[in-house]
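1. Here's a sequence, model it:
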Amino acid sequence: MESFKLSSLTLVLTFLLLAAVAVVAGDELTTFIVHVQPQKNQMLATADDRNTWWNGCCDFNGRAVRNNKLIGARSFVPSPNATTNSTSDDWRAPPVEDEGHGTHTASTAAGAAVPGAQALGQAMGTATGIAPRAHVAMYKVCNKTGCPGSAILAAVDAAVGDGCDIISMSLGGSSTPFYQDSVAIATFGAIEKGVSVTMSAGNSGPNVSSVTNEAPWMLTVAAARWTAPFVRRGKPYAELCGNGSLDGMDVRGKIVLCELGGGPGHNITRILKGAVVQSAGGAGMILLNTFPQGYNTLADAHVLPALHVDYAAASAIKSYVNSTSNATAQIIFEGTILGTPPAPSIAAFSSRGPSIENPGILKPDIMGPGVNVLAAWPFQVGPPSAPVLPGPTFNVISGTWPSAPHLSGVVALVKSKHPHCVCRRDPEKAADPGLVYDIAASDYIGYLCGLYDSQNVSVIARRPVDCSAVTVIPESMLNYPSISVAFQQTWNRSTPAVVERTVKNVGEVPSVYYAAVDIFDDDATVKVTPSSLQFTEANQAQNFTVSVWRGQSTDAKIVEGSLRWVSDKHTVRSPVSISFA
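-> Numbers count the residues shown, from 1 in each chain. Presented below is the predicted three-dimensional model:
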């Protein structure tokens, strides 16, 4: 089995797979966040007999510790002291969170309201998860050596058997065939049981085709910048402020400009840059985005007063510094500022499509808040000189690993209203979507038989599959709620590419939806047939086709837009991507 790395901007050595369990009416939350550290007395209540539907357990070194919020915690990785002679109980590492990854993701998805939240005096207010009344179970699948595929398979199977309704994983590897991908294999088994799966898209952006977790049965979540930026206090690669790069430079008492990036073969984190400046005697630091980082600025617990500015501001600062021999600067703390444009916008680090393994499926599926996300943390952050603050501890993190649990929480809210929804994609008004694109588990088998042979599909399904007896579904024809069309240079321009979709009305009847195409590029012509859909019965299904003609341009590019089905009360939007080789 392969091993996966965490989808994180910084190295995180311990990961707890979150499985947020759907709401049970009448439950009262007795803990506010998930700090998986029972030795710190953070498990505040006993189990309650209303959880009779739950099959899981909470095991800390043989001690059963459980409450009505954290109802499960299990480990599937070995203890650092495990040997071949260890018993099964001694072999497993305890499901204890000591790095922050699992605590942050769990509280993002399902933490209850916590007044007085803050991180080093920033983002002060009341913190809450997206689905604060959801239960949480944690499954540890990573240790200091990585995230074994066998552990992921075992943990997902256990989560399904325990009774979880939603599985959220913020990890990923490189693009690989699904029959060699433990995450794809494990989660396929989950969706066959009606369990929704939410995954992070990865942090390898803005590189093209860097997206991970590409299977269509996953909700693959990109990271977006939302509305809360934080404002606060010579040699090769000197502009990057790497180790030793400021030696011999007179920066004492000065604010130093440092560009983001590490340079070839260098790993210079944002916090390390500040430490280098501080060691050289600098009084402060301004981190400058280069073009690839664009308009995303990130919050960190720096060791000295620091400011992170976007590419436009960085360009203006450089122009000012180059225009005078006596440049001056001042960093003034103004707290957390909300509502700054442009937002939401895709984060520079968020992995991009198109998918390598299945280009006919548009990935990532959706984006969620992933820049400067405040959530629970198992210990206080900041430099050693930072004062110890009372109350619960929080941290501000950026990446697709905090964006994925945002959508997991949304799925939990939708499932509380629609218990049988597998909830792959959930727009803002998913509780009342109007139209839905249904995909049955058997459809995925037909789709997989269009990609692989019977032997490989059998590996994914974990049972014998004879593709010769299955109706094959080309990837572009899978009833996916987005549309992706790829044209090769040899494509006959007089012949359209045609995709078919089926939508089911889950809104009011009677109702009529009218098609509207938002693509503004002469190199692509799109027609929807029929141009309107009339529904006279509840749960009635209607088919439509989308025909795409390639224009005369020979340029390789991607045209993006959307198809909207519009009624008096609903607008159902499907992203459209058209690529030209």
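2. looking at this, A215 is in a helix?
-> No: with DSSP: H, G, I helix; E, B strand; the rest coil as the criterion, A215 is assigned coil and is not in a helix.
3. Can you give me every residue that contacts it?
-> Shown in contact with A215 (C-beta atoms under 8 Å, 6 or more residues apart in numbering): 178, 181, 183-184, 187-188, 358. Quick note: C-beta positions are derived from backbone N, CA and C, even for glycine.
4. Also A222?
-> A222 makes contact with 201, 211, 346-347, 350-351, 364, 366-368, 370, 400, 403 under the criterion C-beta under 8 Å, 6+ apart.
5. State the distance from it to V559.
-> Plainly put, A222 is 19 Å away from V559 if you go by C-beta to C-beta, to the nearest Å.
6. try T545
-> Here the distance between T545 and V559 works out to 19 Å (C-beta to C-beta).
7. same thing with L257?
-> L257 is 38 Å from V559, where distance means C-beta to C-beta.
8. next one: V136
-> Look at V136 and V559: by C-beta to C-beta, they are 42 Å apart.
9. before we move on, what about V414?
-> 31 Å.
10. returning to what we had before: T545 and V559: which is more packed in?
-> V559 (21 against 13; other C-beta atoms under 10 Å).
11. mind checking the SS state of the more buried one?
-> Reduced to three states with three-state DSSP, the structure at V559 is strand.
12. cool, the one 10 residues further on as well?
-> Under three-state DSSP, K569 falls in the coil class.
13. ok, now which ones touch it?
-> K569 makes contact with 434, 507-508, 511, according to C-beta under 8 Å, 6+ apart.
14. How many residues are close by the residue lying closest to Y320 once chain neighbours are set aside?
-> Spatial nearest neighbour of Y320, chain neighbours left out: A327 (6.3 Å); criterion: C-beta to C-beta, 6 or more residues apart in numbering. Neighbour count of A327, defined by other C-beta under 10 Å: 13.
15. Now for the contacts of A222: which two are most distant?
-> Within the contacts of A222, V211 and G368 form the most distant pair, 14.7 Å apart (C-beta to C-beta).
16. could you say which helix or strand contains M367?
-> With the criterion set as DSSP states H and E, the secondary-structure element containing M367 is strand 366-369.
17. Rounded mean pLDDT for that strand, please.
-> Averaged across strand 366-369, pLDDT comes to 91.
18. Remind me what that strand packs against, helices and strands.
-> For strand 366-369, the contact count by 3 or more C-beta pairs under 8 Å, 6 or more residues apart in numbering; DSSP states H and E identifies strand 219-225, helix 400-417 as packing neighbours.
19. Could you dump those into TSV and include mean pLDDT and distance to V528?
-> As requested, the helices and strands packed on strand 366-369 are exported to TSV (pLDDT from 0 to 100; distance: least, C-beta to C-beta, whole Å):
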stretch	mean pLDDT	distance to V528
strand 219-225	91	25
helix 400-417	87	27
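20. Which one of those lies nearest to I519?
-> Comparison of those against I519 by C-beta to C-beta identifies strand 219-225 as nearest, at 21.0 Å.
21. what does whatever helix or strand Y447 lives in contact?
-> Using DSSP H and E, Y447 maps to helix 441-449. Judged by C-beta under 8 Å, 6+ apart, the contacts made with helix 441-449 from elsewhere in the structure are 178, 188, 191-192, 216-217, 457, 460-461, 465, 467, 470-475, 478-479.
22. domains of the protein?
-> For the chain, the domain assignment from automatic domain parsing gives the residue ranges 3-224+348-417, 233-332, 437-476, 482-580.
23. how big is the angle separating the helix or strand hosting A184 from helix 441-449?
-> When elements are assigned from DSSP H and E, A184 belongs to helix 182-192. Orientation note: helix 182-192 sits at an angle of 150 degrees relative to helix 441-449 (axes from the mean of the first three to the mean of the last three C-alpha atoms, to 10 degrees).
24. which helices and strands does helix 182-192 pack with?
-> Contacts of helix 182-192 with other secondary structure elements, assessed using 3+ C-beta pairs under 8 Å, 6+ apart, are made with helix 149-162, strand 166-169, strand 196-200, helix 441-449, helix 454-461.
25. is it possible to export the ones you listed to TSV including mean neighbour count?
-> Shown next, in TSV, are the helices and strands packed on helix 182-192 (neighbours: other C-beta atoms under 10 Å):
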stretch	mean neighbour count
helix 149-162	21
strand 166-169	30
strand 196-200	31
helix 441-449	20
helix 454-461	18
